[in-house]
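**Q** Kindly return the folded structure for what I paste below:
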Amino acid sequence: METNRDDFAIAVRSAFLQKGAKQKFSLFFLLVLSFIVIFLDSINSNPTVYVKKVLNDGVYRASYISSIPSRTFSHSVDLVKNIFFVYKENKEIKDELYALRSESKKKNYLTAENNILREVLDQKISSKYNTKTAKVILDKGGSFIKSILINKGTKHNIKKGLAVTSNSNFIGVIVETNFFSSRVLLLNDLNSKIPIMISPSAENAILAGTGKDNPNLIFLPKNSKIQESDLVFTSGKDGIIKAGMPIGKIVNQIDGFAVSMFVDIDQLYFVDIILDE
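**A** Numbers count the residues shown, from 1 in each chain. Sure thing, here's the model as predicted:
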């Protein structure tokens, strides 16, 4: 008898742990069954023992079934927590991977920049001019406008009319200065007109920008002896740009002679400004 009552005590406590309407129903159901079992406990006949066993199994089964929702809810909460944890962890890993990739790209960029700057410094050491190195910060290219913006200005002794080179090859002239920046008019700009000398014929002409890749040669002398692949240098006859700076070589085009420059001005990164002595 004590064992049966203990079993019912466990079942009743389980029912009390339930919530809301389910708790009230379970408690009422178990109270009714407890009175029935107590009554049957006083009778020790075989039929009553059998009935008590059936009732005990029913009580245990009912207690188990009534606990399913709470256990299922608890499991669902844990599952949702785990999902959010995995999502957060995955996002953190993605952020770390993105940061590492960005750092790697930045390192590659700086390596390339250092290689270019090293080449510029090597050229600068071998240059016979007093120069200042500047970085190209903006390419103002258009249909006919060909100019670049550099990160040196009047605060760095830069002024209008100074020649600009790349790898010791003449590419343009400073035409506008600010405190910390300047604009360079490139040789192929439509407004560019530079006096040049052709080698080996020593003929003089004007190199005129067209807005295209190759500037044209104009005002050539009559009976000119120039040929394709002849070299072109600055002549210095304007009294501003120094003589003898290499520019490019002559190419024969349908509309006359033009100059293929030694420097690809669409790929400028660092340039040198030739300062006054």
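
**Q** Excluding covalently adjacent residues, which one is nearest to residue 212?
**A** residue 188 (6.4 Å; Cβ to Cβ, 6 or more residues apart in numbering). C-betas here are computed from N, CA, C, even on glycine.

**Q** Give me the neighbour count for that neighbour.
**A** Residue 188 has 26 neighbouring residues, counting by other Cβ atoms under 10 Å.

**Q** Over to residue 192?
**A** 21.

**Q** Excluding covalently adjacent residues, which one is nearest to it?
**A** residue 209 (3.6 Å).

**Q** hmm, back to that, that's a strand at the residue nearest to residue 212, yeah?
**A** No - counting by DSSP: H, G, I helix; E, B strand; the rest coil, one finds residue 188 to be coil, located in no strand.

**Q** isn't it right next to residue 146, touching?
**A** Yes - judged on Cβ atoms under 8 Å, residue 188 makes contact with residue 146 at a distance of 4.9 Å.

**Q** Identify the contacts common to those two.
**A** Residues touching both residue 188 and residue 146 (Cβ atoms under 8 Å, 6 or more residues apart in numbering): 209, 211, 265.

**Q** average model confidence for stretch 100-113?
**A** The predicted model assigns stretch 100-113 a mean pLDDT of 64.

**Q** can you check stretch 195-211 too?
**A** Mean pLDDT, stretch 195-211: 94.

**Q** Next: stretch 267-277.
**A** Along stretch 267-277, the predicted confidence averages to a pLDDT of 88.

**Q** tell me the secondary structure for residue 207?
**A** Secondary structure of residue 207, reduced to three states by three-state DSSP: strand.

**Q** correct me, but it touches residue 237?
**A** No - in this structure residue 207 lies outside contact range of residue 237 using Cβ under 8 Å: 12.0 Å.

**Q** number of nearby residues for the spatially closest residue to residue 234 that is not a sequence neighbour?
**A** Closest residue to residue 234 apart from its sequence neighbours, by Cβ to Cβ, 6+ apart: residue 245 at 4.5 Å. For residue 245, the count of nearby residues is 19 (other Cβ under 10 Å).

**Q** Wait, residue 245 touches residue 232, no?
**A** No - shown here, residue 245 and residue 232 do not form a contact pair, counting by Cβ under 8 Å, at 10.0 Å.

**Q** Below-threshold pLDDT in the stretch 151-277 of the chain: ranges please.
**A** Low-confidence segments of the stretch 151-277 of the chain (pLDDT under 70): 277.

**Q** An error on my part: the question was meant for the stretch 1-150 of the chain.
**A** The stretch 1-150 of the chain contains residues with pLDDT under 70 at 1-77, 102-127.

**Q** at 80 what do you get?
**A** 1-88, 90-91, 95, 97-128, 140-144 (pLDDT under 80).

**Q** if we can go back for a sec, please enumerate the shared neighbours of residue 207 and residue 237.
**A** Residues touching both residue 207 and residue 237 (Cβ under 8 Å, 6+ apart): residue 195.
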